[in-house]
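> Starting from these lines, generate the structure:
(4 chains)
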Amino acid sequence: MDGIHDLGGMAGFGAISYEENEPVFHEPWQATAFALNIVGIGVLRNHNADEYRHSIERMPPVHYLQACYYERVLTGAATLFVEKGVVTKEELEERAGGAFPLASPNAPDPMAELEPQPVARFTKGDRVLVKDIHPAGHTRVPRFCRGKTGTVLHVAPAFSFPDAAAHGGAFRKEHTYHVEFASTDLWADAGADNESVIVDLWDSYLEGVDA
Amino acid sequence: MDGIHDLGGMAGFGAISYEENEPVFHEPWQATAFALNIVGIGVLRNHNADEYRHSIERMPPVHYLQACYYERVLTGAATLFVEKGVVTKEELEERAGGAFPLASPNAPDPMAELEPQPVARFTKGDRVLVKDIHPAGHTRVPRFCRGKTGTVLHVAPAFSFPDAAAHGGAFRKEHTYHVEFASTDLWADAGADNESVIVDLWDSYLEGVDA
Amino acid sequence: MSTPTNIASPKARTEALQSALADKGLIPEGALDAVIHTATEDWDPENGARVVARAWTDPDFKKRLLADATSACAELGYEGIQGEYIVALEDEPERHNVIVCTQCSCTAWPVLGLPPDWYKSPEYRARVAREPRKVLKEMGLDLARDIAIRVWETSAETRYMVIPCRPEGTDGWSEEQLAALVTREALIGIALANPA
Amino acid sequence: MSTPTNIASPKARTEALQSALADKGLIPEGALDAVIHTATEDWDPENGARVVARAWTDPDFKKRLLADATSACAELGYEGIQGEYIVALEDEPERHNVIVCTQCSCTAWPVLGLPPDWYKSPEYRARVAREPRKVLKEMGLDLARDIAIRVWETSAETRYMVIPCRPEGTDGWSEEQLAALVTREALIGIALANPA
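Okay, the predicted model is just below:
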């Protein structure tokens, strides 16, 4: 989805606040929230990592931007426990003694039509074009590189295709590629000479470009 | 700027809340805030409409999304009165009895390099490509149509070019065009058959496409 | 992500700006009231409704309106800021028009009035460009798939108004009667003219 | 734009989810504590620092690390979730590497630890991809224009770690001494290895 989570290149954000010697967790509930999600994925098999990422993406934009990371984790995990029928929102709110905002529902038709690519089609040095897809559901192609051409630096192993895995689609694995884009190609007027962004992209997001 | 204000096509927003018989202003301060900005533009000549629009675009994203329209107006106008040296933030905060959040500063190099086009280059029926510009300052090309091809429906009169006017650039006028894009070209996978978006675009945002 | 916790209310902030400018002698006597009067009394969707009713009843006016809406609206006295270049969009049975300003909230104030909150909301601005049929349905206007939808993005200086289709059963109605069928919602395009 | 005003605190919400799952018997004894123990005790940027120090002192290890960082890190005992496919990015005097995850906050937990708040902030995620030189400068690392910057976006399953340049004047230092020069910030790429 073209959501608020897809932040790369978005303007208007200010200084990064940096804390020296930051602890792993600032408050105990953050550790618990993190652990609840890991147990939900790894032990209870309530949801997978792609469903989890998408549950956070589905948070309303203001809540997404205001919540700290572990509140996003909590909201995503709780949403998936509710959506899978393990708990109800009402039960959570009664226990919490107040509102428990969850993420918004999944889109009805979440996947772009992308042909599965079980065999790596590209190799190091290839020029590739990122398809200009706009699926309503989970995808891992940042908007900033859609429709852009880059160069394959590295072929990674085949991994589960997230757009499908996040939405109960048929399991498929595809190679991912580390594709380098000149920043000036991504953001004309960025004044970003001598900078590049490398995006890790699944095979079916890409098409070949004639040299 | 590729900011939060550029909302067209962004996913994750929920139902539109609709109020029957809505009044023009819900609270008297909203009327005053609106009038202060209009007087600031039209009477005091403190700022122009393009500077004003950009001052709102420069609001931090969370504040932008949370503020009602008239709080955005207030924040933009106050920012410009402060930036032009008419009042200070400290004075405003003292008078307000609390913090008075303003918009973030202008980018140092705000304009894309776009050649002025004093004479209309296109006419009804022409196919045009929207340049894929990403200026750091004010622009009126929504991201969703950059790099896309559409058809000119109508040639409007020449109007002041906002990217320049918002940043003290040399005055220039250019025709704008009502350019129609098929929604399926803007958002593949949108399922938006039989829908189109018409964007009103200044001449220098465009280039011709061979038929 | 940290926000100051002592933010003054919008009302207090407005009063702060107003008093700061006033104390410097910058606000001419009556200037704010004049703007507020215009915004609440002069700019009114009933103006647009009268334009539509005239177009429905006067073919010559309609021709002028579609050729040059700025002048046609000025004939009825509707002109001024945010009405410098108005374009009228005529609905047809097979093609519907709807207006948005995705980047701010521009509107033809003299004929539509200051826009309502929903029009200025991030929700409307984000969604109507991309999924107009769904948004219109949620707002009560269910358009069949075979009716084309044109979404007009107010990204430059053109200010749009929609001329909805004249409802059936209104032959012989007066302009005043017809104008009463045309709401602000119809002028923006999230509703049709009310049925007779 | 309306938000419920009675939102329970994140702590209360966490306890609500935890107790709801626990009361249904869904949380195995010790499962949460085991995760928290791993996150706070096992995943640690000192692990990555040891990998870097080993690479600085052992050319064969470095070769293995650059060819297959997953296995090389596993040699030192660093492996597991979010470490299934690690790629090491070697800084060179004329080319600097920096890591981000713009869409969520993915990181190589076993070697970098859970990432700090700044890495997970909208500010870092939005800005470092587009203006890395400016962001790095703000964070204390001023790189000359002629040093290329590669920003690695963690958009798939690869988890990156940066191998910073070995500081001058560290000939003959032990692995332990060298590892102490390598911070979490250096492993992400917003800092260099500390000078000797």
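> Compute the number of surrounding residues for residue 102.
Since no chain was named, I'll use chain A. Neighbour count of A:Leu102, defined by other C-beta atoms under 10 Å in any protein chain shown: 22. C-beta coordinates here come from the backbone N, C-alpha and C atoms, glycine included.
> that's the wrong chain, I meant chain C
29.
> now the strands for chain C?
C:86-90, C:95-100, C:148-153, C:159-163 (DSSP state E).
> which SS state does A:Met59 fall under?
coil (DSSP: H, G, I helix; E, B strand; the rest coil).
> what's the distance between it and B:Pro105?
In this view, A:Met59 and B:Pro105 are 29 Å apart by C-beta to C-beta, to the nearest Å.
> more neighbours, those two?
Taking neighbours as other C-beta under 10 Å, A:Met59 and B:Pro105 compare with A:Met59 leading, 25 against 10.
> so how far is stretch A:61-80 from its chain's centroid?
From the chain centre to the centre of stretch A:61-80 is a distance of 14 Å (C-alpha atoms, centre = their mean, to the nearest Å).
> That one and chain B in contact?
Yes: shown here: stretch A:61-80 in contact with chain B (C-beta under 8 Å from any C-beta of the partner chain) through A:61-62, A:64-66.
> Just these: which are in helices?
Using DSSP state H, the members of the residues of stretch A:61-80 next to chain B that fall within helices are A:61-62, A:64-66.
> So which of the residues you listed reach chain C?
A:61, A:65-66.
> Closest one to B:Ala49 out of the residues you listed, please.
Among these, A:Pro61 lies closest to B:Ala49 (C-beta to C-beta), at 26.7 Å.
> So for the spatially closest residue to that closest one that is not a sequence neighbour, what pLDDT did the model give?
Closest residue in space to A:Pro61, ignoring its immediate chain neighbours: A:Ile4 at 4.0 Å, by C-beta to C-beta, 6 or more residues apart in numbering or on different chains. Note on A:Ile4: pLDDT of 98.
> Likewise for C:Thr3?
58.
> again with C:Glu153
We have a pLDDT of 98 for C:Glu153.
> is it true that it touches C:Val98?
No: using C-beta atoms under 8 Å, C:Glu153 is not in contact with C:Val98; the gap is 10.3 Å.
> Looking at the two, which has the bigger crowd around it?
Between C:Glu153 and C:Val98, counting by other C-beta under 10 Å, C:Glu153 is the more crowded of the two (29 against 26).
> Identify the residues contacting the more buried one.
Contacts for C:Glu153 (C-beta atoms under 8 Å, 6 or more residues apart in numbering or on different chains) come out as B:8, B:142, B:197-200, C:100-102, C:129.
> The helix or strand harbouring A:Asp50 close to chain D?
Counting by DSSP states H and E, the element that carries A:Asp50 is helix A:49-57. Yes: using C-beta under 8 Å from any C-beta, helix A:49-57 reaches chain D at A:53, A:56-57.
> give me the number of residues near A:Arg58?
Applying other C-beta under 10 Å, I find that A:Arg58 has 24 neighbouring residues.
> these two touch, right, C:Lys11 and B:Trp29?
Yes: with contact defined as C-beta under 8 Å, C:Lys11 counts as touching B:Trp29 (4.1 Å).
> neighbour count winner among those two?
Ranked by neighbour count (other C-beta under 10 Å), C:Lys11 and B:Trp29 place B:Trp29 first, with 20 against 16.
> Can you classify that one by secondary structure?
B:Trp29 carries the three-state label helix when classified by three-state DSSP.
> For chain C, see how far away it is.
Distance of B:Trp29 to chain C, computed by C-beta to the nearest C-beta, to the nearest Å: 4 Å.
> and if you look at A:Gly150?
27 Å.
> Would you map the helices across chain A?
Going by DSSP H, chain A shows helices at A:28-42, A:49-57, A:61-66, A:69-83, A:89-96, A:162-165, A:183-186.
> Mean pLDDT for the ones you listed - can I get that in TSV?
Output for the helices of chain A, formatted as TSV (pLDDT from 0 to 100):
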stretch	mean pLDDT
helix A:28-42	98
helix A:49-57	98
helix A:61-66	97
helix A:69-83	98
helix A:89-96	98
helix A:162-165	98
helix A:183-186	95
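> could these go into TSV alongside distance to B:Tyr70?
Below are the helices of chain A laid out as TSV (distance: least, C-beta to C-beta, whole Å):
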stretch	distance to B:Tyr70
helix A:28-42	37
helix A:49-57	31
helix A:61-66	18
helix A:69-83	30
helix A:89-96	32
helix A:162-165	41
helix A:183-186	36
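> my read: C:Gln103 touches B:Thr139, true?
No: judged on C-beta under 8 Å, C:Gln103 makes no contact with B:Thr139 at a distance of 9.2 Å.
> Would you indicate which residues of stretch C:12-28 are buried?
Using 16 or more other C-beta atoms under 10 Å in any protein chain shown as the test for burial, stretch C:12-28 gives C:13-18, C:20-21, C:26-27.
> try stretch C:136-147
C:136, C:138-139, C:141, C:143.
> The residues you listed: which two are farthest apart?
C:Glu138 and C:Leu143 (12.0 Å).
> CA-only coordinates of stretch C:31-44, as PDB, when you get a sec.
The C-alpha trace of stretch C:31-44 is given here as PDB (Å, rounded to 0.1, in the frame of the first residue of the first chain):
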ATOM      1  CA  ALA C  31     -10.500  44.700   8.000                       C
ATOM      2  CA  LEU C  32     -11.000  41.400   9.800                       C
ATOM      3  CA  ASP C  33     -14.800  41.900  10.100                       C
ATOM      4  CA  ALA C  34     -15.000  42.700   6.400                       C
ATOM      5  CA  VAL C  35     -13.300  39.500   5.500                       C
ATOM      6  CA  ILE C  36     -15.500  37.500   7.900                       C
ATOM      7  CA  HIS C  37     -18.600  39.100   6.600                       C
ATOM      8  CA  THR C  38     -17.700  38.200   3.000                       C
ATOM      9  CA  ALA C  39     -16.800  34.700   4.000                       C
ATOM     10  CA  THR C  40     -20.000  34.100   5.900                       C
ATOM     11  CA  GLU C  41     -22.500  36.200   4.000                       C
ATOM     12  CA  ASP C  42     -21.300  36.600   0.400                       C
ATOM     13  CA  TRP C  43     -19.600  33.300  -0.400                       C
ATOM     14  CA  ASP C  44     -22.400  30.800  -0.400                       C
END
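> Would you format the buried residues of stretch C:12-28 as JSON lines with pLDDT and distance to chain B included?
JSON lines is the format used below for the buried residues of stretch C:12-28 (pLDDT from 0 to 100; distance: C-beta to the nearest C-beta, whole Å):
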{"residue": "C:Arg13", "pLDDT": "98", "distance to chain B": "5"}
{"residue": "C:Thr14", "pLDDT": "98", "distance to chain B": "4"}
{"residue": "C:Glu15", "pLDDT": "98", "distance to chain B": "7"}
{"residue": "C:Ala16", "pLDDT": "98", "distance to chain B": "4"}
{"residue": "C:Leu17", "pLDDT": "98", "distance to chain B": "5"}
{"residue": "C:Gln18", "pLDDT": "98", "distance to chain B": "6"}
{"residue": "C:Ala20", "pLDDT": "98", "distance to chain B": "5"}
{"residue": "C:Leu21", "pLDDT": "98", "distance to chain B": "7"}
{"residue": "C:Leu26", "pLDDT": "97", "distance to chain B": "6"}
{"residue": "C:Ile27", "pLDDT": "97", "distance to chain B": "6"}
